[in-house]
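Enquirer: okay, sequence plus prediction incoming.
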Amino acid sequence: MDYDIVIGMEIHAELATKSKIFCSCSTEFGAEENTHACPVCLGLPGVLPVINEKVVEYAARAGLALNCEIANFSKMDRKNYFYPDLPKAYQTSQFDLPICTGGTVEIDVDGETKPIGITRIHIEEDAGKLLHESADGTLVDTNRCGVPLIEIVTEPDITSAEEAKIFAEKIRNTLEYTGVSDCKMEEGSIRFDVNLSVKPKGSDTLGTRTEMKNLNSFRALERAIQYEARRQITELKKGHPIIQETRKWDDTKGVSSSLRSKEEAHDYRYFPEPDLVPIVLTDEQIQKFRDELPELPEQKRARYIKEYNLPEYDAGVLTSSKDTARFFEETVALIDKPKAVSNWLMVEIPPHLKEAEITINELPFEPKDLAELIAMIEDGTISGKIAKKVLTEMFKGEKAPKAIVEEKGWAQMSDASELEGIIEKIVEENPKSVADIASGNEKAYGFLTGQVMKATKGQANPKLANEIIRKKVKEKIG
Amino acid sequence: MSEIITKSVKELNKALSDGELSSSEITQAFVDKIKEDDDTYEVFLTKTLDEALNEAKAFDEKGQAPRTIVDGLPYVLKDNIVTKDIRTTAASKILDNFIPPYDASVYEDLNEDGAILLGKVNMDEFAMGSSTENSAYRKTKNPWDLTRVPGGSSGGSAAAVSAHLAPFALGSDTGGSIRQPAAYTGVVGVKPTYGLVSRYGLIAFASSLDQIGTFTNTVEDAALILSRIAKNDKKDSTSFSGTYPDFIKDLEAPLTGRTIAVVPAFEEGLQDEIRDSLKEAIDVYKDLGAEIVEVDFKLLEQALSAYYMIASAEASSNLARYDGVRYGVRAQDYDGLVDMYVKTRTEGFGPEVKRRIMLGTYALSSGYYDAFYKKAMQIRTLVVNEYDKIFKKADLLLTPTTATTAFKFGERSDPIEMYLSDLYTIPANISGIPALSMPAGLDKNGLPIGLQLSGPALSEGLLFNAAHAYEKVTGNEKLER
């Protein structure tokens, strides 16, 4: 029997606000333990929260970018549970009246567009971090306590690991584009939870689902789903029931294991947070957030296709990251060769980035340098092949392309008189090729060109060299 | 010298301004009284007497007239208002060693105003109780009869002002915790409109009901002190952000044309002398030119039930932070995290606090939420509506503060019986409106009786006006000891 996979996701993203959700402590990552913590973060007796208005604005912006309805009236609630990383013993979150509801995101799967429903987006605070490897036992770092998060909850519209990955990437790009979150995976500023069940193909009845929490890379997301779907199908084929439970994904071992069952699940005893007043947004405020939204990846992609005449594939790759798109646009503004710029950004630059383990933001050169490099190819100063060598030099970060070419003496030989001497000699030394051409075998021109390139160490301007070869051969044949 | 301690805040301020008394003389008089009587009344949990005398000296050395009504004058705080570097326990063992690193907004304001703290006073643990018997530390006595409770939860604040250990005190009122002890000890107790005084730094019991207020010997003192502490606070989202009314300017206004509502049904079940006091007060107000209208208040008992659901639900969440992880007392011997939680909370909390945590946890639990918490919130709306109807017909509502005068230690051992002590005070917290208790004579045992005036939100000025008028006619019997 074949099975359908049914997946709903919950995505937690850290908002890019400077201060925390309920106090003025910094949200900066990587500070010394417990230095970004005040009485409010520590949940000391008597403290009260005051909501950071930027948090509300960022959450609304995320909702607008994901085509949600933004509530005029929403409220915060308390989610109660004991854990040492949660100083108040409740997380301030949103329960029945979240700030955003009912959105859709379209993803491209195998050339088809598929809508994924967004059930809701709500605001909540992050918890602290436990440090287990201390001589003093387990310690608590409260720097993360009160860092603002949004949780994006989808409908169970996702049907494969691939779709989940495409969707997750799309969410990340959108949040990054809107400036809502910097989505740094390595800092845990975006995390994925997966609810997964399987059912016999075409059946209307959903199977029992399991939940996997805190997947923190696209790879982990994809692999965890593949593993869990396979596991559930195998269990069902053996006639075993699926147990509703939370499972923990071990990315190193590539397996998941049971963390806790439904029976052990928390009763969070949600109730309205009495220390905060409801969040009220007027239609005018919401419209203002909408007007201020930057160009989103989809809009940008459509514009690249139309404005720069780029293939869909190129437009998709370039707009998949806000920073790549920015680099592209800044370069094209200096040299009007969109396809060439696209090729360099898509094909030549990425391997270097990977090798240097840097992002496009950390490139040792600027858009004007890439523009200069492309301009040198266009005007014949260097060949495409040389240009790649120049790029390698550019990654060393010391010189601009022109200076590199000059210093290395990589400019093409475009002096006709100098080339004529070299070519005359080659034509003399290769009578067979000349004879071949005379008998109608044009391919022999290629051989002669190759000889010229060899003699000039690849620096001959190929177009000019060709012209001169033809001229000299014709003179020879007469 | 002994006459210093019976003066009102207004009189003390005048004596300071006129140079008749120094801050040191005043403060010393109260310090002496505390040293003499605190062992008898058991009011203080933490004393700051030396610091107080130093501050008084510093005030005198400046040689300037008081800048505010409380400048250079001593006072006490209920021990659930946090004070930087001064131990704050909320009368709980679990906070036995807690020294706050920050100030409550109201304490910060009084510091700026120049008020001098004499210490932190007793209360029911986490403000849960009506007799101060639930303190983990001391049993505060009613200064009028040492075999009786001072009421609660702000029993220490009430006893301090009643016994003249301080000219004024701050307390907190979640269901009557200022008004009921004020009635039992013969002082003026005010629970302002919810949001009028910042809760920042008030150790939370039930966030949507808690409100800081005053204990004073006169109505005018209450108006003067509330004027200092009622202000918007950016650190409290529920703080009132509109225009704050002037509580003093209409203090002497005539009551002619004012309507005062009374609820005839409330007379049932009252102690005889309290019923008589209420009738006398009605006559006083008639004589002052006010019109008395009779109204219904059908939700009294439902309000009490709703209160114990809402307050306990919020408390179960507010008190979850006392887990032994970051501050306060941690159990000595434990085996792992959960055992540490259980032992810390079992040893740290008293029986009434545990009872309410369990009640509140139950009320919020999955499957019970709708029947308990949600239903209670619906009743809350109905109570608000009930008051709206009354205040369409009348400017103020006059009721007893309590059904009886102060009871004896151990007399109300049944929790439900104890909860009924707050029957008449709870509805004002449920709806957020202001209410005060004013002394209204003594019963046959010589124990104080309190009457309660309540009004619509922000009507404190009118409450003070009416209470002050009553006080002027009837006088105010003070404890002479």
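Expert: Received it, and whenever you're ready, just let me know what you need.

Enquirer: rest of the way, CA atoms for contacts and neighbours
Expert: Noted.

Enquirer: and the chain, what are its domain boundaries?
Expert: Answering for chain A, as no chain was given. A:3-285, A:295-408, A:416-477 (automatic domain parsing).

Enquirer: try chain B instead
Expert: Split by automatic domain parsing, chain B gives B:2-256+B:396-474, B:301-376.

Enquirer: most tightly packed of those?
Expert: Using mean count of other Cα atoms under 10 Å in any protein chain shown, the stretch among the domains of chain B with the largest mean neighbour count is domain B:2-256+B:396-474, at a mean of 23.

Enquirer: show me how far stretch A:335-354 is from its chain's centre.
Expert: Put simply, stretch A:335-354 sits 17 Å off its chain's centre (Cα atoms, centre = their mean, to the nearest Å).

Enquirer: alpha carbons of that stretch, as PDB, please.
Expert: Provided in PDB are the C-alpha atoms of stretch A:335-354 (Å, rounded to 0.1, in the frame of the first residue of the first chain):
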ATOM      1  CA  ILE A 335      27.300  47.800 -15.600                       C
ATOM      2  CA  ASP A 336      24.200  47.100 -17.700                       C
ATOM      3  CA  LYS A 337      25.000  43.400 -18.300                       C
ATOM      4  CA  PRO A 338      22.400  41.600 -16.100                       C
ATOM      5  CA  LYS A 339      23.000  38.100 -17.600                       C
ATOM      6  CA  ALA A 340      26.800  38.400 -17.200                       C
ATOM      7  CA  VAL A 341      26.400  39.700 -13.600                       C
ATOM      8  CA  SER A 342      24.000  36.900 -12.900                       C
ATOM      9  CA  ASN A 343      26.400  34.300 -14.200                       C
ATOM     10  CA  TRP A 344      29.200  35.500 -12.000                       C
ATOM     11  CA  LEU A 345      27.000  35.600  -8.900                       C
ATOM     12  CA  MET A 346      25.400  32.200  -9.600                       C
ATOM     13  CA  VAL A 347      28.300  30.200 -11.000                       C
ATOM     14  CA  GLU A 348      31.700  31.700 -10.300                       C
ATOM     15  CA  ILE A 349      31.400  33.300  -6.900                       C
ATOM     16  CA  PRO A 350      29.600  30.600  -4.800                       C
ATOM     17  CA  PRO A 351      32.500  28.000  -4.900                       C
ATOM     18  CA  HIS A 352      34.800  30.700  -3.600                       C
ATOM     19  CA  LEU A 353      32.300  31.600  -0.800                       C
ATOM     20  CA  LYS A 354      32.100  28.000   0.200                       C
END
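
Enquirer: quick one: contacts of that stretch?
Expert: Stretch A:335-354 is contacted by residues A:308-310, A:314, A:317-318, A:324, A:328, A:331-332, A:359-360, A:363, A:370-371, A:374-375, A:388, A:392, A:395 when judged by Cα atoms under 8 Å, 6 or more residues apart in numbering or on different chains.

Enquirer: residue ranges for the strands of the stretch 151-300 of chain B, please.
Expert: B:168-173, B:188-191, B:211-216, B:259-262, B:291-294 (DSSP state E, counting those that start in this stretch).

Enquirer: let's have those in JSON lines, adding distance to residue A:422.
Expert: Below are the strands of the stretch 151-300 of chain B laid out as JSON lines (distance: least, Cα to Cα, whole Å):
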{"stretch": "strand B:168-173", "distance to residue A:422": "101"}
{"stretch": "strand B:188-191", "distance to residue A:422": "104"}
{"stretch": "strand B:211-216", "distance to residue A:422": "98"}
{"stretch": "strand B:259-262", "distance to residue A:422": "116"}
{"stretch": "strand B:291-294", "distance to residue A:422": "119"}
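
Enquirer: could I get the ones you listed as a markdown table with mean pLDDT?
Expert: A markdown table is the format used below for those (pLDDT from 0 to 100):
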| stretch | mean pLDDT |
| --- | --- |
| strand B:168-173 | 98 |
| strand B:188-191 | 98 |
| strand B:211-216 | 98 |
| strand B:259-262 | 98 |
| strand B:291-294 | 98 |
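
Enquirer: and the most centrally placed residue in chain B, how far from chain A?
Expert: For chain B, residue B:178 is the residue whose C-alpha lies nearest the centre (Cα atoms, centre = their mean; 2.2 Å). For residue B:178, the distance to chain A equals 19 Å [Cα to the nearest Cα, to the nearest Å].

Enquirer: show me the contacts for that residue.
Expert: B:152, B:153, B:154, B:158, B:171, B:172, B:189, B:190, B:191, B:213, B:214, B:215.

Enquirer: quick one, what contacts the second one?
Expert: The reference is to residue B:153. B:123-125, B:127-132, B:173, B:177-178, B:181.

Enquirer: mind listing which of the residues you listed are in helices?
Expert: residue B:181 (DSSP state H).

Enquirer: hang on, the earlier thing: which of the strands of the stretch 151-300 of chain B sits closest to residue A:449?
Expert: Ranking these by proximity to residue A:449 (Cα to Cα) places strand B:211-216 first, at 92.7 Å.

Enquirer: could you list every helix and strand that the closest one packs against?
Expert: Packing partners of strand B:211-216 (3 or more Cα pairs under 8 Å, 6 or more residues apart in numbering or on different chains; DSSP states H and E): helix B:155-162, strand B:168-173, strand B:188-191, helix B:219-229.

Enquirer: got JSON lines for the ones you listed, with distance to residue A:408 too?
Expert: As requested, the helices and strands packed on strand B:211-216 are exported to JSON lines (distance: least, Cα to Cα, whole Å):
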{"stretch": "helix B:155-162", "distance to residue A:408": "88"}
{"stretch": "strand B:168-173", "distance to residue A:408": "82"}
{"stretch": "strand B:188-191", "distance to residue A:408": "85"}
{"stretch": "helix B:219-229", "distance to residue A:408": "78"}
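
Enquirer: immediately after the strand or helix carrying residue A:349, which helix or strand?
Expert: Applying DSSP states H and E as the criterion places residue A:349 in helix A:349-356. Where DSSP H and E defines the elements, the next helix or strand beyond helix A:349-356 is helix A:367-378.

Enquirer: give me the angle between the very next helix or strand once past that next one and helix A:367-378.
Expert: Per DSSP H and E, the first helix or strand lying C-terminal to helix A:367-378 is helix A:384-394. Taking axes from the mean of the first three to the mean of the last three Cα atoms, to 10 degrees, helix A:384-394 and helix A:367-378 form an angle of 160 degrees between their directions.
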